[in-house]
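Engineer: kindly return the folded structure for what I paste below:
(2 chains)
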Amino acid sequence: GAVVSQHPSRVICKSGTSVKIECRSLDFQATTMFWYRQFPKQSLMLMATSNEGSKATYEQGVEKDKFLINHASLTLSTLTVTSAHPEDSSFYICSATRTGANYGYTFGSGTRLTVV
Amino acid sequence: KQEVTQIPAALSVPEGENLVLNCSFTDSAIYNLQWFRQDPGKGLTSLLLIQSSQREQTSGRLNASLDKSSGRSTLYIAASQPGDSATYLCAVRPGGSEKLVFGKGTKLTVNP
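Structural biologist: Numbering: from 1, shown residues only, chains lettered A, B, ... in the order given. Sure thing, here's the model as predicted:
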C-alpha cells in the first residue's frame, strides 16, 4: 500500500513554455502533499506544502507565481513550472501523507525537467 | 530548530558485510522517524517508519532502532548485497509539524 505515482518521469521543454507535473496517490487519500526540488548530489529542498482544497504554502525564496501548485482532490496535486528557464532545470519530487501523526510519507519517483 | 545529522557521509563495504548507518537529531520532540533509500535519478523509497513510542522496526535484512531521549537512530543492514548500494536518508517528523527534516544521507557502496 501507500503508492504515489508521479508523471512524467522526464520532460524537456523550451524556454518560456510551461510544464505540468502530476502527483497522484493511488491507494490512499493524501490530505497533504509536498513538492521538493533536488540539485545534483544535494539534499532535497522543500518547495511547498499543499493541503487539499487550500492554497499551497510556499517556502521562503520559492516564487509562487513561477511554481503553481494545485491540490484539487485528495489524490492529485500538480506542479506547473511557468515560463520555464534553463535555471529551472532540476529534479522535482512529490510526496504525500495522510492526516495523523502515525503515518509516514510516500514519495513519487521524481521528474527530471530540462529546459532548453 | 531540528537538525538531523548522518554519519558517515559515505561508506564502501564488501558484499556480505553487516553494517550500521547512524542518524542523530537535536530535538527529541518528534512524531516519528523514517529511513529512506534513494537510487541515482530516482525518488525516495521508504524502508522503515518508527513511531516515537517504538524502539525498533524490522523488515527483512533491515533493522532500525530509535532512542528518542538521546536523539539517535541506527539502520542495521545484514549481509549486504550490491543491490543495497544507494543513498540512505534519515528523516524525522518534528512534533507539531508536517514537514520532514532530512539528514544529508549516507552513500553506501557494496562491492561484489
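
Engineer: use CA for all of it now, contacts and neighbours both
Structural biologist: Will do.

Engineer: not counting its neighbours along the chain, what's nearest the residue of chain A positioned farthest from its centre?
Structural biologist: No residue in chain A sits farther from the centre than residue A:102, which is 22.6 Å out by C-alpha atoms, centre = their mean. Leaving aside its chain neighbours, residue A:102 sits nearest to residue B:51 (6.7 Å; criterion: C-alpha to C-alpha, 6 or more residues apart in numbering or on different chains).

Engineer: quick one: low-confidence parts of chain A?
Structural biologist: Within chain A, the ranges that satisfy pLDDT under 70 run A:101.

Engineer: and the residue nearest to residue A:102, bridged to which residues?
Structural biologist: Beta-bridge partners for residue B:51, by DSSP bridges, are residue B:32.

Engineer: what is the burial count for it?
Structural biologist: Number of residues near residue B:51 (other C-alpha atoms under 10 Å in any protein chain shown) recorded here: 22.

Engineer: what of residue B:99?
Structural biologist: By other C-alpha under 10 Å, the residues close to residue B:99 number 16.

Engineer: okay but it is in contact with residue B:93, surely?
Structural biologist: Yes. The pair residue B:99 / residue B:93 is scored as a contact, 6.3 Å apart, by C-alpha atoms under 8 Å.

Engineer: so which residue is smack in the middle of chain A?
Structural biologist: residue A:35 (3.5 Å).

Engineer: contacting residues for the residue nearest to that one when sequence neighbours are not counted?
Structural biologist: In space, and not counting its chain neighbours, residue A:35 is closest to residue A:94: 4.5 Å by C-alpha to C-alpha, 6+ apart. Residues in contact with residue A:94 (C-alpha atoms under 8 Å, 6 or more residues apart in numbering or on different chains) are A:6, A:23, A:33-36, A:107-108, A:110.

Engineer: greatest separation within these: which pair is it?
Structural biologist: Greatest spatial distance among the contacts of residue A:94 (C-alpha to C-alpha): A:33 and A:110, at 13.8 Å.

Engineer: and the residue in chain A positioned nearest to chain B, how many neighbours?
Structural biologist: Nearest residue of chain A to chain B: residue A:109, at 4.0 Å (C-alpha to the nearest C-alpha). Applying other C-alpha under 10 Å, we find 23 residues neighbouring residue A:109.

Engineer: same check, this time on residue B:95
Structural biologist: 15.
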